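Q: Just need the structure, nothing else, for what follows:
(chains A and B)
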There are 2 protein chains.
Amino acid sequence: MSKQVFNCLVAQSGGPTTAINASLAGVIKAARDCEEIGTIYGAINGIQGVLSRNIVDIETLLGTDDKSIEMLKISPSMYLGSCRYKLEDVETAINTLIPEYERIDDYTCIFNILHEYDIKYFFYIGGNDSMDTVKKLGAYGKSIDSDVRFIGIPKTIDNDLPITDHTPGYGSAARYIATSMLEMAYDTSIYSTKSVLIVEIMGRDAGWLTAASSLARTEFSDAPHLIYLPERNFSDAQFLSDLREKMKDRDHVIIAVSEGIHYQDGTYVSAAGAVKDQFGHAMLSGAGKYLANLVHKKIGCKVRAVELNVLQRCAAHMSSLTDLDESFQLGSKAVEVALSGKSELMTTVIREKTKDGSYAVSYGTCDVKKVANQEKKVPDKWINDAGNDVEKEFLEYARPLIQGEPVISYKDGLPTYLSVRHLGV
Amino acid sequence: MSKQVFNCLVAQSGGPTTAINASLAGVIKAARDCEEIGTIYGAINGIQGVLSRNIVDIETLLGTDDKSIEMLKISPSMYLGSCRYKLEDVETAINTLIPEYERIDDYTCIFNILHEYDIKYFFYIGGNDSMDTVKKLGAYGKSIDSDVRFIGIPKTIDNDLPITDHTPGYGSAARYIATSMLEMAYDTSIYSTKSVLIVEIMGRDAGWLTAASSLARTEFSDAPHLIYLPERNFSDAQFLSDLREKMKDRDHVIIAVSEGIHYQDGTYVSAAGAVKDQFGHAMLSGAGKYLANLVHKKIGCKVRAVELNVLQRCAAHMSSLTDLDESFQLGSKAVEVALSGKSELMTTVIREKTKDGSYAVSYGTCDVKKVANQEKKVPDKWINDAGNDVEKEFLEYARPLIQGEPVISYKDGLPTYLSVRHLGV
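A: The predicted structure follows:
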């Protein structure tokens, strides 16, 4: 007896990473190779695309050859677009007294559409907010005896999801940050006058990205010389004292700071740097700019602040191949898990203990409820006592994640990626 | 009769580019292959290194194998360090009445040292300020009947030197800018809400680098949608009007602005954005940040400012191979020119007119006096009438300069460059 065929739907949500399309590629490849899945649908702009029926047949859009899967794997941004949409409270929807045929809540709409498209497998690639969506859809589905299976696939450059050893997207962002830090260390070396460079890196509450700047240290450079994460309270006085100490040994001091560094009372350093424009309106200057200003005033040497900004999440030419490969596998794993009958899970990376200490991973799952709205910070013991550097345990953890270079082809000097014209670029 | 052997000295000056070491590699390779040159000396930190006798035997430092020449060619920063030192007025030095044995001016010191090291060929790699140094040394040399030959080799990411078709370093910076612009265009595509991204690019007086952002336009993206160069006066009102017009057609507008854009009265836009910190001290916010603030207030949509900052001059992993090859040739050419007995020249790139319109160059020289302290701007006819974009003539000029990818080797995920530990990094 042949198995019954159902369709699947996949969508992406939250902020971009250069590896999120690799997970999408993994879902598509596994779904394509599987007899029990018919059409592979994609919702444009996440769950909002489901609600607005902005649903596409992915193979029509992308093509069916393996080359397009390979191109998708290395392309930045989010092929299906994104959203930041929080589904309404699921308990309220479940316990509503409104009769079924009169309901117009998010859940009723979504499940009607899933039913209409004959969708049994729902894959959502995103961070902790997106896992909240998976959790709620799963809970609502149960309440109406739906057999749609909801599987989350992690992604976030911030690396702040619990349970999974690390998150897809982090390794690539870390590789970009470390490479840029190394190149900036070369850049600062040329003059004989004293200088300070402050590099502001993303990460509001968790310092994983800023810590990754330490991977830039090679036989060629010790930069960054100071690292400040949001896991520890920041103090202007201690910072100036740390810096003065470093300046005794070297002409050029390079400092990595997280955008989220804050004082003991919780105030962000970037807020301390709030300035007023000529109309008297408050303007946030960023932690790096604030500290550069402080160094200029209190120490008086040449100082510059650099903000890596969005490039750390979109510079796909610098992606980590390890990251892309793992992200792809997490997508494929999600299809396998859904077909096995499970739901309300997120796929995870598990770091294996190997005899020779080499890096190896396997893929597992965890209850999506344990991830939704949770946050994983850099362990306290991986930060030095002075709170201005990371310990070698961090380097051992992070170094394997930035290994390997994807094969990018270039045309007219520019990397060639898959078109996102369908998003209206 | 065998030819007499003399030594040569090479130094680098001004701001870094990712191609300046390729010119150094070209000098070293040509000098090494030439019987008339003995020791290849390098001055650390430009002309200041000569004055302070910080002079190294380059082959001792670098090694003598071709591999190190290849590594030097692709490495960022300046292998010999840099300086920003203006030699004292040469006419004053020439016309001094102080007896020769009592003179302690820059020129007396420099020529004594050159004599002591038996140096007959002096190569200086730099921009228009550095060519001023070459010009002055040449003039002083003539006045004392010195037979030392002074040859300049151009470099500057700004592309603002006259006579040479373009400058070494520009193509690589342009490639980095175009690639980053393309990747940021992908990044902005993901949300369905309206957004504006303002990218601030280097170039205080000439808009070559900002214009290069137009090279990002491919079949995948039209970004940037507006481009503002310092060659035209800027107006906040016209900017807002241009932007509102673009926002009618598209959700995401990406704008490239030069750091040097200014109003009709000459005031920099970045100065208009001067803000006061909590101590009441003035802080420059940058043109991009100022405009982002303006858009936020006047249009009210999501807006972000990104400053490419030093990465555009040091991201060697994104160098243009065309740029590196040409920079190397300009270094070799300088040695050829010096050996032919000439002095006070700068080597130049000449774009050939080919039958099929393909890109080809040859190398020439020009009088260094025609370059020193001069500046070449983007031609007015290459900027559109509205002053918010470039014309296709610019694209035809610039596109060949970003072609080709250097072979970079990676270790632990990071590019491997030649060490600059000797500069005290």
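Q: Can you name the next helix or strand after the helix or strand containing A:Glu183?
A: Using DSSP states H and E, A:Glu183 maps to helix A:170-188. Heading C-terminal from helix A:170-188, the first helix or strand you meet, by DSSP H and E, is strand A:195-201.
Q: Please spell out which residues along stretch A:126-134 are buried.
A: A:126-134 (16 or more other C-beta atoms under 10 Å in any protein chain shown). Every C-beta, even on glycine, is put in place using the N, C-alpha and C of the backbone.
Q: near chain B, which residues of the stretch 1-150 of chain A?
A: Within the stretch 1-150 of chain A, the positions near chain B by C-beta under 8 Å from any C-beta of the partner chain are A:12, A:16, A:45, A:48, A:75-78, A:81-84.
Q: rerun at 6 Å
A: Residues of the stretch 1-150 of chain A lying close to chain B by C-beta under 6 Å from any C-beta of the partner chain are A:16, A:45, A:76-78, A:81-82.
Q: Out of these, flag the one nearest to A:Gly424.
A: A:Gly81 (9.0 Å; C-beta to C-beta).
Q: Quick check: chain neighbours aside, which residue is closest to that closest one?
A: In this structure, A:Gly81 finds its nearest non-sequential neighbour in A:Asn45, 4.2 Å apart by C-beta to C-beta, 6 or more residues apart in numbering or on different chains.
Q: distance of the one you found from A:Asn54?
A: Per C-beta to C-beta, to the nearest Å, A:Asn45 is found 6 Å from A:Asn54.
Q: So the two - more neighbours on which side?
A: Legend: neighbour count by other C-beta atoms under 10 Å in any protein chain shown for A:Asn45 and A:Asn54, higher for A:Asn45 (25 against 17).
Q: Quick check: A:Ile79 is in a helix.
A: Not quite, residue A:79 is Tyr, not Ile. No - assignment of A:Tyr79 by DSSP: H, G, I helix; E, B strand; the rest coil gives coil, placing it outside any helix.
Q: any idea whether the nearest residue to it once chain neighbours are set aside is helix, strand or coil?
A: In this structure, A:Tyr79 finds its nearest non-sequential neighbour in A:Asn21, 5.1 Å apart by C-beta to C-beta, 6+ apart. For A:Asn21, the assignment made with three-state DSSP gives helix.
Q: Which residues are in contact with A:Lys120?
A: A:6, A:148 (C-beta atoms under 6 Å, 6 or more residues apart in numbering or on different chains).
Q: part of a strand, is it?
A: Yes - under three-state DSSP, A:Lys120 sits within a strand.
Q: Please report how far it lies from chain B.
A: 27 Å (C-beta to the nearest C-beta, to the nearest Å).
Q: What pLDDT does the model give that residue?
A: A:Lys120 is assigned a pLDDT of 98 by the prediction.
Q: Please name the residues that touch A:Ile94.
A: Counting by C-beta under 6 Å, 6+ apart, A:Ile94 touches A:Ser143.
Q: one more time with 7 Å
A: Shown in contact with A:Ile94 (C-beta atoms under 7 Å, 6 or more residues apart in numbering or on different chains): A:140, A:143.
Q: ok so, going back, I'd like to know which of the residues of the stretch 1-150 of chain A next to chain B is nearest to B:Ser172.
A: Nearest to B:Ser172 among the residues of the stretch 1-150 of chain A next to chain B is A:Pro76, at 21.1 Å by C-beta to C-beta.
Q: My guess is the closest one contacts A:Thr18. True?
A: Yes - when contacts are counted by C-beta atoms under 7 Å, A:Pro76 is listed as touching A:Thr18 (4.7 Å).
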